[in-house]
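1. Sequence first, then the predicted structure, then my questions.
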Amino acid sequence: MLVISGTVPQGAFRGVRVGMFRSRFLAFVVFVSMVMTLVPVGQPAAAVSTTIVISQVYGGGGNSGATLRNDFIELYNGGPAAIDVSSWSVQYASSTGSTWARTNLVGSISPGRYYLVQEAAGAGGTQNLPTPDATGAIGMALGAGKVALVSNQTLLTGTGCPFSAGVVDFVGYGAAANCSEGNVPTATLSNTTAALRGGNPPSDSDVNGSDFSVVVPRPRNQPLPIVASTTPLSGATGVSVTAAISIQFNEAAPVEGDWATIACASSGAHSSTTSGSLQSYTLTPTVPFARGELCTVTVLAAQVIDGDTAPEKMAADYSWSFTTLAVDAAPAVASTSPASGAPAVAAGANIAITFDEAVDVVDPWFSISCVSSGAHVAAVSGGPTRFTLDPAVDFANNELCTVTVIAGNVTDQDTIDPPDNMTENYVFTFTIAAPTRRIHQIQGASHLSPLEGQLVGFVPGIVTATRSNGFNMQDPEPDADDATSEGIFVFTSASQSVNVGDAVTVSGRVIEFRPGGVANNLTTTEITSPTITVVSSGNPLPAAKVIGLGGRMPPTEVIEDDTSGADGDVETTGVFDPATDGLDFYESLEGMRVQINNAVITGPTNSFNEIPVLPDDGAWASVRTTHGGVLLRANDGNPERVIVDDAIVSIPGGLNVGDHFAGSLVGVVDYNFGLFMVELTQSPTRIAGSLTKETTALSTRSQLAVATFNVENLDPGDGFAKFDALATLIVNNLRSPDLIAVEEVQDNNGPTNDSVVDANVTATTLINAIAAAGGPTYDYRQISPVDDQDGGEPGGNIRQIFLFRIDRGLGFVDRPGGTSTAATTVNNVAGTPQLSFSPGRIDPSNGAWHSSRKPLAAEFTFNTRTLFVIGNHFNSKGGDQPLTGRFQPPKRSSEIQRHQQAQIENDFVDQILGVDTNANVIVLGDLNDFEFSETVNILKGAVLAEAPVLTDLYDQLPLEERYSYVFEGNSQTLDHILVSNSLKDRSTLDVVHVNAEFADQASDHDPSVALITLNDPPTVSAGGPYAVGEGGSVTVMATGSDPEGGPLTYAWDLDADGTFETPGQAPIFSAAGLDGPATRTVSVRATDSRGLTGTMSTTISVLNVAPTATFHAPASVLAGSDFALSLTESFDPSTADRQGWRSHGVPREGRCRGDLQ
């Protein structure tokens, strides 16, 4: 068997569940951000004996409000034979303690018998325990602790887990218990509740949380049946000669045959009739006793047998004596019907008064007076011993009536006087049955029943769901008002013999049950102390009310918006408006059957198996997320979410956001843990969605990848599986960021609460896992906290660390001196900000960081730039009122500390920017608050109309991507990356959804990655403009500069084809083959060492150059004769030019001219 051990992480809560709840609810739990340690144990708790078990545990004895004066431990022998426990012990330790106290046992335990061990008494209480079988002085905690039944008397050591060989049975009670059978402790107890093992006889499944219910304590011991009391008492005198004899046993004890004898000194043996049953009996002699005689009553042991699993007889006969009255006694009222204090008397009932002897009455010998209907007269019949009064007018429903028998008008009929009259008036009261009500009248259009505290009678309904301590029923004939619920829970405290489909009437008292007594919780209207009548069976159930399309549409934004007063109590202020307010909407359906069609899941399976869904595939819901969730916004709590729960039937596990349930979900509406829930009455079927883990973009050489990742209480005790899972996400999904701010890193032995604070093993194990997953080599920096001063899981010492790659040019600026208590400061060094310590903590002694993680600040360099990085894990949300609780809007008390923390950090950033307004600052981590919260606004500096000094990169994302965490089905942002103004236009953010929406999680947070471009492109000049003649060449010269001062390479595009194919800073441009005049555009590109480029163009003018040639002609020719002309040695620098000549007609004696063309 495996036992999950762990303690509640202080200051690391995500959502807090408080309170202790009736057994029909889940046990008291706190939902925490922590990792439990799986501890193998050797033998199960029942290894030594399968017969004796711990059947009940109570630690509230003598506390304020307690009835019992003592704590106790109760045992039960379920075996066939007695077991000697004289060498055994019961032992106790606190919920997380390792020091044990012992009470040694004595004697043996008979089969089918209980064995009561009395422990320490407190100052309060009004009742003693039954006679204990063993007595100790252990002071047990009332809410949570550990109890062991041990087959020796050697004190246990350690937490209790693993169980030692001598442990026969073990009970971890209360949610805080760190050891229990089956990994599940019982619910948390109180001053007025005990943990009681269920079943008759008690059963043992080796799972404490399943075996035990939280109920009113009922201590039991193992006596044989004995006579506990008699009337008359032994030795009584003056007993009436007509007296009946009452005998009370200590337990249920059926009697057989002639089980008692009556023998008197004068009148001899008396026969009698027996009335009563099980534990209380009355013997009525058939003839009166003689006056002044001694009578002896004997109960015959052989005829009295208890009703235990192994029946046993009285050990010996029991006899006692009394003496009858020697003289006459005054007449007295022996009994009445209704009995005094009787509830639920019919309005038309008669009244019977029986005297202990025959009497004469004279009017007015009685009076009848009722609270509502006043005085009543009645007709009298009967006498002289029993009289019947028949009132002339019926009583009023639900009223108290008082009957007075007037002593002076009642006299006895015997002749032995005095006395003759009754000695004093006899007064008795009774309550008339409650009026018949319908469920919608009980529920009313409000959060509290208008009939709270009143008795109601014969409330009709159909049973729609059954549980271990009650059932839901619904009126099959609803009214026309949607604001009044038609369903209600009937609390029976134990299972009842009713079945789904039974038509019943219920009478009882209306109460408002507040789960666990926790003030933040709303109440549920119930009928308690019920009288139940099954009218018929097999009836069709009332139609389930559809939530969504085709039925009732819930509000989609407002939880509650019209309360008033300092507390905003929805039960006493505001307007009940189910059409607009989410709380009112679900209150109007409380206890009713509802139906949800085409449900899409908005939160993954959690440890409570409470599954949030949206009806109708979320078609009409508020802002949906990328993967099918629903987004929490400043003024939108998403009341359209419906939580479905498994208190009645099972729900499949492994559910992810975006999965669906097939068909329709049907259940009854309940409220618990600050949530309205639909307790399903039919197990659903999962339709898996297509959710896959995301992968972020790979950074370029000029980009710095910065991530934040809450790894949820990471320590070496988690085992390699968790480290490997985290490493796989970092390498494959986050693409090995340059810098990771990691939150919730625990010390080297995790929750072991000792003096260890170093986390080098934790950090190294994660770094090695990353390398094994194919990732790069990381280094880290951190500062260990003061032991147990930073909140979180006790002993865990969570902190933030910086993981950074050493292969991409990112450098850590080590400036030693930072410690857990030494504050780093900002220094101005020649106009450049510097941290005094790197790494260092910001103002760690400030009270704002009490029981909370201190921010870790450090300097880095990348591509010649300095970066100031601050890793955070702000105060948790523990102690905040629930989103759907009684007080609206909910008070977020934890914000006060986060606001202080945000201001301290904003001031620190201001100091950096005060030295250099262009400083590169990155603030990141788990801020435990939303992007729209005042906490983030303070941190950004966006208050008092000031321009913010930091930008939350979440604000750049589309709404459907703004979440890193899912709580109760609301997708929300807790993790942030903020940057200074110098970086905001250089940065992009990606929330990498790999955890929060998945049932299979390496952590409960999604990591985020920011890509920050920290390299500017170079500038370049192409020179020019240039000029060159046809056929010539010219040298073009580029000049450039890199903002980071790095070297540049150049390439030219000399032929204007868009390709920079000519390398060099000063290449030669050739005009060969070009025809002037013309203009050519050339471009140059400069590239820096990280691949960024700059380009520039210029022009080159190609000039036209005239051709040359030698002209040949004769000096003279005869008129009319032909002659030849020729050109030789012609040349044009442009190969694109064409050469030619033409002649013109002239007189013979003249000259001929020709020009080239």
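-> On my side now, so go ahead.

2. All the helices of the chain, in order from the start?
-> Ranges of helices within the chain are 208-211, 439-443, 582-587, 720-728, 760-772, 895-915, 934-940, 981-984, based on DSSP state H.

3. now for the second one, which elements pack on it?
-> Same thing as helix 439-443. In terms of contacts (3 or more CB pairs under 8 Å, 6 or more residues apart in numbering; DSSP states H and E), helix 439-443 is packed against strand 455-467, strand 487-491, strand 524-536. C-beta: built from backbone N, CA, C; applies to glycine.

4. Need these in CSV (columns: distance to Ser180).
-> CSV is the format used below for those (distance: least, CB to CB, whole Å):
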stretch, distance to Ser180
strand 455-467, 23
strand 487-491, 27
strand 524-536, 28
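
5. Deepest-packed of those strands, please.
-> strand 487-491 (a mean of 25; mean count of other CB atoms under 10 Å).

6. What pairs with that one, parallel or antiparallel?
-> Here strand 487-491 is paired, per DSSP bridges, with strand 470-474 (antiparallel), strand 524-536 (parallel).

7. how far out from the middle of the chain is the first one?
-> Going back to what we said before, that points to strand 470-474. Offset of strand 470-474 from its chain centre (CA atoms, centre = their mean, to the nearest Å): 26 Å.

8. Also the last one?
-> Taking CA atoms, centre = their mean, the mean C-alpha location of strand 524-536 is offset from the chain mean by 31 Å.

9. Show me the shaky parts of this protein.
-> 1-50, 307-311, 945, 1111, 1123, 1125, 1127-1132, 1134-1157 (pLDDT under 70).

10. Can you give me every residue that contacts Gly457?
-> Applying CB atoms under 8 Å, 6 or more residues apart in numbering to Gly457 gives the contacts Ala344, Asn397, Asn398, Ala433, Ala434, Pro435, Thr436, Arg437, Ser507.

11. can you list the residues that contact stretch 641-651?
-> 24-26, 465, 467, 547, 596, 599, 602, 608-615, 630, 665, 667, 670, 675-684, 968-970.

12. Now, those that are in strands?
-> 465, 467, 596, 611-614, 630, 665, 667, 670, 675-680, 970 (DSSP state E).

13. Pull out the buried members of those.
-> 465, 467, 596, 611-614, 630, 665, 667, 670, 675-680, 970 (16 or more other CB atoms under 10 Å).

14. circling back to that earlier point, give me whichever of the helices of the chain is most buried.
-> helix 582-587 (a mean of 26).

15. Extract the CA atoms of that helix and return them as PDB.
-> The C-alpha trace of helix 582-587 is given here as PDB (Å, rounded to 0.1, in the frame of the first residue of the first chain):
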ATOM      1  CA  GLY A 582     -25.300  34.100 -11.000                       C
ATOM      2  CA  LEU A 583     -25.700  33.200  -7.300                       C
ATOM      3  CA  ASP A 584     -29.400  33.900  -7.300                       C
ATOM      4  CA  PHE A 585     -29.800  31.800 -10.500                       C
ATOM      5  CA  TYR A 586     -28.300  28.700  -8.900                       C
ATOM      6  CA  GLU A 587     -30.000  29.300  -5.600                       C
END
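
16. helices and strands around that helix, which ones?
-> Using 3+ CB pairs under 8 Å, 6+ apart: helix 582-587 touches strand 675-680.

17. Run through who's touching the strand it packs on.
-> 465, 583, 586-587, 590, 594, 596, 610, 642-649, 651, 665-671, 882, 884, 968.

18. Can you give the distance of it from its chain's centre?
-> Strand 675-680 sits 14 Å away from the centroid of its parent chain (CA atoms, centre = their mean).

19. domains of the chain?
-> 2-215, 227-323, 333-432, 449-541, 543-691, 703-1013, 1019-1103, 1108-1157 (automatic domain parsing).

20. Let's have those in a markdown table, adding distance to Ile442.
-> Converted to a markdown table, the domains of the chain look like this (distance: least, CB to CB, whole Å):
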| stretch | distance to Ile442 |
| --- | --- |
| domain 2-215 | 19 |
| domain 227-323 | 34 |
| domain 333-432 | 13 |
| domain 449-541 | 5 |
| domain 543-691 | 10 |
| domain 703-1013 | 20 |
| domain 1019-1103 | 74 |
| domain 1108-1157 | 105 |
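
21. Indicate which one of these is closest to Gln443.
-> domain 449-541 (4.2 Å; CB to CB).

22. Tell me, how many residues neighbour the closest residue to Pro419 other than its chain neighbours?
-> Nearest non-adjacent residue to Pro419, counting by CB to CB, 6 or more residues apart in numbering: Ala330, 4.0 Å away. Neighbour count for Ala330, taken as other CB atoms under 10 Å: 17.

23. can you offset everything so residue one is 50?
-> Okay, residue one is now 50; in that scheme the one you just asked about reads as Ala379.

24. Can you tell me how far Ala379 is from Gly457?
-> According to CB to CB, to the nearest Å, Ala379 and Gly457 sit 12 Å apart.

25. Show the buried residues in the contacts of strand 724-729.
-> In the contacts of strand 724-729, the ones that pass as buried (16+ other CB under 10 Å) are 514, 632, 635-636, 639, 643, 645, 659, 691-697, 700, 714-720, 931, 933, 1017.

26. Contact partners for Leu343?
-> Leu343 touches Cys313, Ala314, Ser370, Phe371, Thr372, counting by CB under 8 Å, 6+ apart.

27. could you redo the last one with a cut-off of 6 Å?
-> Shown in contact with Leu343 (CB atoms under 6 Å, 6 or more residues apart in numbering): Ala314, Ser370, Thr372.

28. And for the second one, nearest residue in space, chain neighbours not counted?
-> When you say that, I think you mean Ser370. According to CB to CB, 6+ apart, the nearest residue to Ser370 is Thr345 (4.5 Å).

29. now, among the contacts of Leu343, which is nearest to Phe851?
-> Out of those, the member with the shortest distance to Phe851 (by CB to CB) is Ser370, at 90.9 Å.

30. Neighbours of the closest one, how many?
-> Neighbours of Ser370 using other CB under 10 Å come to 16.

31. What of Thr1144?
-> 16.

32. repeat for Pro303
-> Using other CB under 10 Å, Pro303 has 16 neighbouring residues.

33. Enumerate every residue touching Ser384.
-> Contacts of Ser384 (CB under 6 Å, 6+ apart): Thr403.

34. Could you pull out the strands in the stretch 700-849 of the chain for me?
-> Under the criterion DSSP state E, counting those that start in this stretch, the stretch 700-849 of the chain contains strands at 709-710, 713-721, 724-729, 735-736, 752-763, 788-794, 827-831, 848-854.

35. Select, out of those strands, the one closest to Thr335.
-> Among the strands of the stretch 700-849 of the chain, strand 713-721 comes nearest to Thr335, with 56.4 Å by CB to CB.

36. Run through the neighbouring helices and strands of the closest one.
-> strand 642-646, strand 724-729 (3 or more CB pairs under 6 Å, 6 or more residues apart in numbering; DSSP states H and E).

37. got the angle between the shortest one and strand 504-516?
-> Going back to what we said before, that points to strand 642-646. 40 degrees (axes from the mean of the first three to the mean of the last three CA atoms, to 10 degrees).

38. Now the spatially closest residue to Ser613 that is not a sequence neighbour. Its backbone dihedrals?
-> Excluding its sequence neighbours, the residue lying closest to Ser613 (CB to CB, 6+ apart) is Thr622, at 4.5 Å. Thr622 adopts backbone torsions of phi -130, psi 170, taken as degrees, to the nearest 10.
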